[in-house]
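> Just the structure for this:
(chains A, B and C)
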Amino acid sequence: MLSRTADSLYWLARYLERAENTARLLEVTHNLSLMPVSADPAAELASALEISGGTELYRDLHGKAGSKPDPGTVLHFFVFEARNPGSILSCLKAARDNAHAVRGSLTAEVWESVNATWLEMSRLTPEALDDMGAGVFFDRIKERSHLFRGAAYGTMMRNDAFRFLRLGTFIERADNTARMLDFKYSRAALPGSASLAAEYYQWTALLRALGAFEAYQAFFHDRVRAEHVAELLILNPVVPRSLNACLREIAEILPQIEGDSGRGAKRLATELSAALAWGEIGPILAGGVHDWLNEFLDRIDRLAEAVHGGYLASA
Amino acid sequence: MKIAIEHNTAWHDESGARSVTQLLRLTPRDSARQRVLAWDLALPCQATRGTDPYGNVQHVLTLDAPRQDVTLTARGVVEIDPNAEEGDDGLNPLLFLRTSGLTQADGAIGDLADNFRMPHLSRDALRALMMTVSSEVKLEAGTFSGRTAAEALARHAGTCHDQAHVFLACARLLGVPARYVSGYVHGIEANRVTSHGWTEAYVHGRWHTFDVAYRLDRATTHLKLAIGMDYLDACPVRGVRFGRARERLSAHTLIEQAQQANQ
Amino acid sequence: MSILIPPAEGLYDELLLASGDARPHVKGLADWLRKTGAARFERKRAEADLLFRRSGITFSVYGDAEGAERLIPFDIVPRVIPAAEWQSLVAGLKQRITALNRFIHDIYHDHEIIKAGVIPAEQVFANEMYQVAMQGIDLHRGLYTHIGGIDLVRNNDGNWHVLEDNLRTPSGVSYMLENRKMMMRLFPELFARHAVAPVDQYPSLLLETLRDASPVDNPTVVVLTPGRYNSAYFEHAFLAREMGVELVEGADLFVRDDYVWMRTTRGPQRVDVIYRRLDDAFLDPLAFRPDSMLGVPGLLAAYRLGNVVITNAIGNGVADDKSIYPYVPDMVRFYLGEEPILHNVPTWMCRKPDDLKYVLDHLPELVVKETQGAGGYGMLIGPRATREEIADFRKRIEAKPEGYIAQPTLSLSTCPTFVEEGIAPRHIDLRPFVLTGKDIRIVPGGLTRVALRKGSLVVNSSQGGGTKDTWILEARDAVADR
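Below you'll find the model as predicted:
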């Protein structure tokens, strides 16, 4: 397959996954900011900015440092802002552009799902978003993302085109889960940070955002504790957004790609996947979750670089 | 007379380009006027040697993961007969009636050329044209600007390359085959060799040199490297680099510095 | 009641005789057109629109912010050519393309035709499209035009004329294929009743032709496109898919050690044949336009060494230029020693003083064309022009006579076409595609373009033209009809 084609497929999937993740992140922070237990609604919004790495850009666009973000403005920044490359609309546009470039490698169903999502969302106005309510909008984004993955899974041949799509999805997803977990962890670790109730809301919100709340209950039958959440989202092999689950997929996909390229990527993925498959939570907690996650993010970065160098930009 | 040349081309590249491809026309050929006694190219890596469509010696140089600083050196000794004119190089003169990107005429160039329109243009008429171009486009020092002939005439100033392009555009409009020459001259300004661009026009059944910058209607200490329709065809170094993120191509012609030389 | 509107007087109609009766070979089709009601045609046309859109066969105007795509109107009434007539066209096309290939080889080698005084040297060497880079280069099989598109028209006397040769990157073949698929889907009953020669073997013949162009065993072939914002991108993607080869952009290719490679997920892969849909000027930024972002740096050097085949060859433009067109019949005589089977449209060359005088005296009757223009822009259609337009053109011709040719105004033949007023006669042309490899292959069919506006002679899709399915009847059918 042409490197350019693989590159577009890979980024198509990454951008769609990113749009979905942004919707999930917003949903959580948005809900939290509306909750009575939240001592500081603005802080919740600020956290969304930080996780996504958008704080600086937001400040450049919307006023002075230290001023508290306004919920409406933050929502607009994450949904519509064309100057924010991480906004849902920017991601959907980038995904659609990539899909357009490799339309010949996609089935009609996959193309239609991506194109229709972009056409629908690009017509959305802030007023219409208000009318439908943010919650409905987030659901809509998640739904479109499910539709894309379903269409890909259900209609595409199991060839390299399919594999590069899946690769993009899981690399983006692992990166996102690690970022969100790390952020909540470092906040919860602040001394005297919040009441028990507030902490409970924080952790359940994260679990819900990552679609892992029910899994938590099934595995732990316990009140929500930080270390359990970490174990679930890092090591659990069956929770679809856990790091272990994502890396297992990546390590499985890479060797299936035709040819002998990407040895570095294969090695990194196998190492990382093994570390997660056979890892235990004790040492991770002992060494500090934050440090562990930071190292993980580094390794995912290196893996993404290796995928780029090995397949997407050959020669 | 013998001329010794050392021509260094250096550039500094911070683009982080993944690969750079360079086309080099830095090797002179023997002709009626010049005999190459010694010539050597020092390049950062192996280059393939070939001949381009106009018969110029050409090297294609591909640098992977290029360094930020690259230097090319051409060095050699050439014997020149200052009184000889060029012989026939086998190319059909009619080819040089076509126009090219940099020598496209516009209304102003047409008006300029019209002053010289007559049934059979003589060498004298071309000399007059050369003098007119030289006064219409004031000579500036410097490297090639990227301007077209029309743009240079509109500015009424330009480098030797610009002047040559204006002359070529006019000559071709008048039905006279004319071509661009790149190379070196020695000792016209001070006692040294400089990189230079001039022209040749086909009249009375043979090629004649017209050097607009120095207002010369014959070659003197001119050492020829390459010929072509315009600067881009004949320039010593032409390159394209591949950008990093998405293989965006950006063409650039390199800044060259002709250095030093003595006899 | 029939919605079939009879042809205008004095024009040649492909379906109907002046009497209003059908021509013998299309009797069945005419009966069917008479019997079928407008409502059914309307329904079928809507269905075709929907199908074209759904299958992505929108000949698109990419670059539109929303990716809106436009359909080039498809007309559901086919144009039909009887077997015998097609056979003589095929013989003429083969003869013409052979002579043109010989001509291009000649002008880049020994210049025999110039030495013989058949074509003036400056017409060739001073032509903007002449590529010095091709001089002395020996191409495999001596072939320059592997894929040619020859535009033909039928005049009101029923005779065929060549309007234009397209030897660079002729397009439109995807319409030929898709229009046929659509017709078979919409009106299968018609194909049961007529012996229409198939066209769907075109992609495999094209691939064979491209492979024939390379001296390498089992060569790797790619289609080079300027990218998805090009108006013909659909066709590039379509042909690559149908042939099962990669569709590449310039940045997918690179030159190393004088060979061409493509970047793939398995590492670099050698490329042997490039079917380019990109003009000469954009192929190599090191050799041609330095600002071209579409080409491959170093490609020309690799090509000149014979390490890669480019189809069609570089420098063909000199042979399909309007200033060379008048000489094509002479080329046939010169290279082949035969009389041309296909006729040119009579052409006056304004560079010749006598011709110039005639043209200037008869501007209101003539079509005047720029020699180096395409797409119907730098053109004067005398009978339709205002007095000012004619005066303006006169000045332009006088200023640069060698830049113009003139031809009589042709009355293109008409073909019934489904338009608002019913099934009414509209002017058409025909572009068959000629493939040249080991031998010459012509798929029985072509692109029929139709001027949808009443009376219009301009069939270009950019100026309101549509397309039709083109039927070549197989011989047995012609026999059965008698």
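
> For C:Ala197, give me phi and psi.
Reported as degrees, to the nearest 10, the phi and psi values for C:Ala197 are phi -70, psi 140.

> The residue nearest to it when sequence neighbours are not counted and chain B: what is the separation?
Counting by Cβ to Cβ, 6 or more residues apart in numbering or on different chains, C:Ala197 lies nearest to C:Pro444, which is 3.8 Å off, once chain neighbours are set aside. Backbone N, C-alpha and C define where each C-beta goes, glycine included. C:Pro444 is 40 Å from chain B, where distance means Cβ to the nearest Cβ, to the nearest Å.

> list the contacts for C:Pro444?
C:Pro444 makes contact with C:86, C:197-199, C:472, according to Cβ atoms under 8 Å, 6 or more residues apart in numbering or on different chains.

> Now, the residues you listed that are in strands?
Taking DSSP state E as the definition of strands, those contribute C:Ile472.

> For the contacts of C:Pro444, pick the one with the most neighbours.
Counting neighbours by other Cβ atoms under 10 Å in any protein chain shown, the top entry in these is C:Ile472, with 25 neighbours.

> now that residue, which residues is it bridged with?
C:Ile81 (DSSP bridges).

> Contacts only, for it.
C:81, C:83, C:86, C:196-197, C:444-445.

> how about the residues of chain A that lie near chain B?
A:4, A:7, A:313 (Cβ under 8 Å from any Cβ of the partner chain).

> out of these, who has the most neighbours?
A:Asp7 (25 neighbours).

> That residue is in contact with A:Ala313, isn't it?
Yes - the criterion here is Cβ atoms under 8 Å, and A:Asp7 meets it with A:Ala313 at 7.4 Å.

> middle-most residue in chain B, spatially?
Geometric centre of chain B, nearest residue: B:Ser182, 2.6 Å, by Cα atoms, centre = their mean.

> quick one: it is in a strand?
Yes - the assignment for B:Ser182 is a strand, going by DSSP: H, G, I helix; E, B strand; the rest coil.

> Next one: C:Leu186 from A:Tyr200, what distance?
C:Leu186 is 65 Å from A:Tyr200, where distance means Cβ to Cβ, to the nearest Å.

> If you count surrounding residues, which of these two has more?
Between C:Leu186 and A:Tyr200, counting by other Cβ under 10 Å, C:Leu186 is the more crowded of the two (19 against 15).

> residues contacting that one?
With Cβ under 8 Å, 6+ apart, C:Leu186 has these contacts: C:44, C:47-48, C:76.

> For my notes, confirm the residue nearest to C:Ala197 occurs in a helix.
No - under three-state DSSP, C:Pro444 sits outside any helix and is assigned coil.

> how many neighbours does C:Val309 have?
Neighbour tally, C:Val309, other Cβ under 10 Å: 26.

> Kindly state the domain boundaries assigned to the chain.
Assuming you mean chain A. A:1-156, A:169-315 (automatic domain parsing).

> look at chain C instead
C:24-219+C:308-338+C:411-481, C:346-408.

> among these, which is the most enclosed?
For those, the largest average neighbour count (mean count of other Cβ atoms under 10 Å in any protein chain shown) is found in domain C:24-219+C:308-338+C:411-481, namely a mean of 19.

> Closest to C:Val221 out of the contacts of C:Ile472?
C:Gly445 (22.9 Å; Cβ to Cβ).

> Where does the prediction get shaky in the chain?
Going with chain A. A:33-41, A:64-67, A:188-196, A:314-315 (pLDDT under 70).

> Correction: the question concerned chain C.
In chain C (pLDDT under 70), the answer is C:1-2, C:54-71, C:372-377, C:462, C:476-482.

> where do the helices sit along it?
With DSSP state H, the ranges of helices along chain C come out as C:27-35, C:38-54, C:83-107, C:112-115, C:121-125, C:173-186, C:188-193, C:202-212, C:233-243, C:299-304, C:328-331, C:353-361, C:387-399, C:475-481.

> The stretch 51-200 of chain B now?
Using DSSP state H, counting those that start in this stretch, the helices of the stretch 51-200 of chain B run over residues B:107-114, B:123-136, B:149-155, B:160-173.

> Relative to C:Leu363, tell me which of these wins on proximity.
Short answer: helix B:107-114, nearest of those by Cβ to Cβ, at 24.1 Å.

> That closest one to helix B:123-136, inter-axis angle?
Relative orientation of helix B:107-114 and helix B:123-136, computed by axes from the mean of the first three to the mean of the last three Cα atoms, to 10 degrees: 140 degrees.

> Give the other helices and strands that helix B:107-114 contacts.
Here helix B:107-114 touches helix B:123-136, helix B:149-155, helix B:160-173, going by 3 or more Cβ pairs under 8 Å, 6 or more residues apart in numbering or on different chains; DSSP states H and E.

> show me the residues around C:Val271 that make contact.
Contacts of C:Val271 (Cβ under 8 Å, 6+ apart): C:220, C:222, C:253, C:260-262, C:308.

> Pick the one among those residues closest to chain B.
Proximity of those to chain B (Cβ to the nearest Cβ) peaks at C:Leu253, which lies at 10.2 Å.

> picking that back up, out of the domains of chain C, the one nearest B:Ala141 is which?
Using Cβ to Cβ, the nearest of the domains of chain C to B:Ala141 is domain C:24-219+C:308-338+C:411-481, at 31.6 Å.
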